[in-house]
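Colleague: coordinates for the following, if possible.
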Amino acid sequence: MVSVKLILRKDKSNSVGEHPLYIRITKNRKPKYLSLGFYLKLEWWDAEGARVRKPHPNSQRLNNYLSVKVAEAQAVALEMETKDKTIQPHKIKEQIMGKAPSSLIRFAKSYLLDLEGKMKIGTYRKTKSVLFKIVKYNKGRDLLFEDVTVKWLKDYEQYLKRVRGNSVNTINANFRTLRGIFNLAINEELLPYDKNPFRRFKLSTEKVKKNYLSEDELKLIELAPIELNSKKDVHRDMYVFSAYTGGLRISDMLLLRWRNFDGERVIMQTKKTASTISIKIPTTAMQIIHKYSLKNQQPDDFIFPIFKNDVDYSDPEYLFNSISSATAYTNGDLKDIAKLVGLKKHISFHTARHTFATRALMKGVRIEYVSKLLGHSSIATTQIYAKIVNEELDKAMAVFD
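Modeller: Residues are numbered from 1 along each chain as shown. Sure, this is the predicted structure:
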């Protein structure tokens, strides 16, 4: 008799102490394990009920997804055992997981389902868009992994450029996603390494100028005549606060709560990288934060009044959509403010990050400190700002010519 059970592997863990979820298939006391790609802390797992505990913010979605996966495994196991009483666990696993799938489309759709189950909304939507373009280019026909040769990639690159009008960097992003699908198939031993066409195909990229504000330009934004306490005023304050305080991303600014402020610094886990940052707040930014302080404020209240305190943002998809909407609104207001003060530069909220980095380096802050404040995983990412500063210094030296 085959048994199928959902388990949390206590013998395995990642760097933050979370354990992986597996489906265990057992026959004749021989187990085989199917990784589900989820990691949980022990306290979130109900071993007896084989389910995620309710206090977990996504327990319902996760349990629904896990129930479907277990049901699929049980159905396959029972069907195969009915046909062959001597079937071995590894054959059942092979049937459930599938042999090396020659269909890139089918594999990519399976990958999409996993992303959706894991609530990786941004990656899910980006991958779905890339897959949509490929399906349309292939006129709805199936596409096998072996069909994607270097020639296919070159032809598809021309299609994206000439027919869809995609820029060099958009094409680059599309190909990086496609390359990631190939790498995933290889990592799962569903495709041999030498069948990866990206080994012989070079991705093209185009240098993009990073816009940032000078001291004088930032001051113009700070002093722009805007109606006090209007949404535009809040958006301006958020931008200036970020430009002075480590170049915080808008996703982190929107989620900044009073419990993240200890009176002199911001301490929080960033949304994009999940890294913990601690940034001492300079005088100008401190004045802004005190502007939004209220007598009856609670630790979980948002500092900047864009997100509502009485709304539940725990659902990843709802949060993603809320951040996207707020970002578009903020960027629209920043564009208006730039026009109001006569700035010719195109600015978005992200330029506050560039502004902080270049200003910090120009003021002599060591590059490794700037890298840490920005939350970069590698100092190489921060080097681009050092190049910008060097270019500005070269321009300054032109007065001696």
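
Colleague: which parts of the stretch 151-300 of the chain are strands?
Modeller: 265-269, 276-280 (DSSP state E, counting those that start in this stretch).

Colleague: next helix or strand past the helix or strand of the chain with the lowest mean pLDDT?
Modeller: Of all helical and strand segments in the chain, the minimum by mean pLDDT, DSSP states H and E falls on helix 89-97, at a mean of 59. As assigned by DSSP states H and E, the chain's next helix or strand after helix 89-97 is helix 104-117.

Colleague: in TSV, list the strands of the stretch 151-300 of the chain along with distance to residue 50, mean pLDDT and mean neighbour count.
Modeller: No exception for glycine: its C-beta is placed from N, CA and C like everyone else's. Converted to TSV, the strands of the stretch 151-300 of the chain look like this (distance: least, CB to CB, whole Å; pLDDT from 0 to 100; neighbours: other CB atoms under 10 Å):
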stretch	distance to residue 50	mean pLDDT	mean neighbour count
strand 265-269	29	89	15
strand 276-280	32	88	15
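
Colleague: can you tell me the distance between the two ends of stretch 146-153?
Modeller: One end of stretch 146-153 sits 12 Å from the other (CA to CA, to the nearest Å).

Colleague: use 20 as the first number from now on
Modeller: I'll keep to 20 as the first residue from here, and by that count the last item is stretch 165-172.

Colleague: so what's the gap between that stretch and the chain middle?
Modeller: 28 Å (CA atoms, centre = their mean, to the nearest Å).

Colleague: list the buried ones in that stretch?
Modeller: 167, 171-172 (16 or more other CB atoms under 10 Å).

Colleague: and for stretch 338-356?
Modeller: So, applying 16+ other CB under 10 Å, buried residues of stretch 338-356: 338-339, 341-342, 345-346, 349-350, 352-353, 356.

Colleague: over to stretch 48-61?
Modeller: 51-53, 55, 57-59.

Colleague: related to what we said a few turns ago, do you know which of the strands of the stretch 170-319 of the chain lies nearest residue 82?
Modeller: In terms of CB to CB, the element of the strands of the stretch 170-319 of the chain nearest to residue 82 is strand 284-288, at 25.0 Å.

Colleague: residue 195 - how many residues pack around it?
Modeller: 14 (other CB atoms under 10 Å).

Colleague: no, scratch that, I was asking about residue 87
Modeller: 12.

Colleague: one step back: go through the buried residues of stretch 48-61 and name the one nearest residue 30.
Modeller: Residue 30 has its nearest neighbour among these in residue 52, at 10.8 Å by CB to CB.

Colleague: now stretch 311-321: mean pLDDT?
Modeller: The average pLDDT within stretch 311-321 is 92.

Colleague: got the contact list for it?
Modeller: 256, 273-278, 322-324, 327-328 (CB atoms under 8 Å, 6 or more residues apart in numbering).

Colleague: good, wrapping up.
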